[in-house]
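>>> 3D, please:
(one chain, ligands or ions: 1)
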Amino acid sequence: MPESPLPHATIDPTSIFEHFRGNHGTELLTAAAAHFRLFDKLAAGPLAWHELRSQLALAERPLVVLITALRAMRLIERASDKYRLTPLAREHLVSTSPLSVADYIGLAAESPGVLAMVERLRTDLPAGAKSDTDEGAGTAFIYREGTDSAMEQEASARHLTLALAGRAKNVAPVLADVLPLAGDETLLDLGGGTGIYSIALLRKYPQLRAIVLDRPEVLKVSHEFAEQYGVADRLELLAGDMFSAALPAGVDRVLLSNILHDWDVPECIELLKRSAAALSVRGEVLIHDVFLSDELDGPLPIALYSAALFTLTEGRAYSAAEYRAMLGAAGLTAGQVIPTLIHCGVLVARRA
Ligand SMILES: C[S@@+](CC[C@H](N)C(=O)[O-])C[C@H]1O[C@@H](n2cnc3c(N)ncnc32)[C@H](O)[C@@H]1O
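Numbering: from 1, shown residues only. The predicted structure follows:
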């Protein structure tokens, strides 16, 4: 079988992803205005973070997702550790304002997407997870021992893994361009999915070997990709749970591509500690992901992607500052984010 090419995109597809995620803007804005009455609550005066949490009855992760998006929309701003309405929100989103459009926004209050978002915000549970109102069909993209995951069923694992490949095929050649791995022997790709990022790096660096760790049903797809892209002799497939599997020791790089954004902070720190323990003396951890601003007030496309991650997984988008804090807890320190494509970038970390 002839080897498949892995070409660079000639036209940047980023805007398509931004349009695709636009629905989360409607959902979060309508949830805030019509369900949580956030703008009316803030009309009475600025609130501290803990006051927002108790007045909205939201856990930390959903509140971060909601407030980050509203700050990115320039409807809420932070001043002296309190959150307040911007002039735009005060004039147009407070229900008693003469020029309020709150009822207009309320037209979407009962739409299925908005109701689903409100449910996710209130329960802090990903779609498919078991809750009082949900039978639990299984979560997409994440596997946690003891819970139902779509990644454990052959058809859904294949469908979800191949869906991600579309984005990954565009980004992987750019990641290979920006990472100098000429002196490296081994790359461990945790939650590697199709393995396309490893494949791009293997094709660029002939001395490199890669190990993709993922769930068994997903690895069936990675196996096909390794054959298709002509790197099967240098790509090892390791089936396991990244939170508990014995990881190979002394690897030069651990790649966490679009992994940490699937998990909450304690799980991210755990994965970073496990990654750090797998490194050789000069080894590095590569966080390939999207990055919110350190202020957590944008950019809007990442804030809306964060909402998508929040609804599907146990994670959200993080800022580089948040990653630096997690890396610090794992004994690692990072340089600057190196941009790749479709809002992604790579943060390279080594032992502190
Ligand atoms: C969002 S995808 C990222 C795939 C790929 N790295 C990329 O950048 O496109 C998350 C991957 O992590 C895998 N995964 C989730 N939980 C896992 C676990 N506990 N152990 C091993 N793999 C897991 C999923 O099967 C999936 O392939």
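>>> so what's the residue of the stretch 51-200 of the chain found nearest the ligand up against?
Nearest residue of the stretch 51-200 of the chain to the ligand (Cβ to the nearest ligand atom) works out as Gly191 at 2.7 Å. In this view, the C-beta of every residue, glycine as well, is placed from N, C-alpha and C. Remark: with contacts taken as Cβ atoms under 8 Å, 6 or more residues apart in numbering, Gly191 is in contact with 213-214, 242, 256-259, 262.
>>> how about Arg215?
Residues 143, 149, 151-152, 157, 239, 241 are the ones in contact with Arg215 under the rule Cβ under 8 Å, 6+ apart.
>>> re the thing from before, got JSON lines for the contacts of Gly191, with pLDDT, secondary structure and distance to Glu227 too?
Converted to JSON lines, these look like this (pLDDT from 0 to 100; DSSP: H, G, I helix; E, B strand; the rest coil; distance: Cβ to Cβ, whole Å):
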{"residue": "Leu213", "pLDDT": "98", "secondary structure": "strand", "distance to Glu227": "19"}
{"residue": "Asp214", "pLDDT": "98", "secondary structure": "strand", "distance to Glu227": "16"}
{"residue": "Met242", "pLDDT": "98", "secondary structure": "coil", "distance to Glu227": "24"}
{"residue": "Leu256", "pLDDT": "98", "secondary structure": "strand", "distance to Glu227": "25"}
{"residue": "Ser257", "pLDDT": "98", "secondary structure": "strand", "distance to Glu227": "21"}
{"residue": "Asn258", "pLDDT": "98", "secondary structure": "coil", "distance to Glu227": "23"}
{"residue": "Ile259", "pLDDT": "98", "secondary structure": "coil", "distance to Glu227": "24"}
{"residue": "Asp262", "pLDDT": "98", "secondary structure": "helix", "distance to Glu227": "27"}
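>>> could I get those as TSV with neighbour count and distance to Leu235?
Shown next, in TSV, are these (neighbours: other Cβ atoms under 10 Å; distance: Cβ to Cβ, whole Å):
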residue	neighbour count	distance to Leu235
Leu213	23	12
Asp214	27	12
Met242	23	17
Leu256	26	18
Ser257	25	15
Asn258	21	18
Ile259	24	18
Asp262	23	22
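>>> quick one: the strands in the stretch 1-150 of the chain?
Counting by DSSP state E, counting those that start in this stretch, the stretch 1-150 of the chain forms strands over residues 47-48, 76-79, 82-85, given from the N-terminal end onward.
>>> that older thread, find the nearest non-adjacent residue to the residue of the stretch 51-200 of the chain closest to the ligand, please.
Computed as Cβ to Cβ, 6 or more residues apart in numbering, the closest residue to Gly191 that is not its neighbour in sequence is Ile259, at 4.5 Å.
>>> surely the one you found meets Leu271?
Yes - distance between Ile259 and Leu271: 6.9 Å, which falls inside the contact criterion (Cβ atoms under 8 Å).
>>> quickly list the domain ranges of this structure.
When the chain is parsed with automatic domain parsing, its domains come out as 14-123, 150-298+313-351.
>>> can you give me the first-to-last residue distance of the shortest one?
When you say that, I think you mean domain 14-123. Across its full length, domain 14-123 reaches 31 Å between end residues, using Cα to Cα, to the nearest Å.
>>> low-confidence stretches in the chain?
Within the chain, the segments meeting pLDDT under 70 span 1, 131-136.
>>> quick one, longest strand in it?
Longest strand of the chain, by residue count under DSSP state E: strand 279-292.
>>> buried set for stretch 159-175?
Neighbour-count burial for stretch 159-175, counted by 16 or more other Cβ atoms under 10 Å, picks out 160-161, 164-165, 167-175.
>>> take those residues and keep only those in helices.
If you go by DSSP state H, the buried residues of stretch 159-175 have 160-161, 164-165, 167-175 in helices.
>>> perfect, that will be all.
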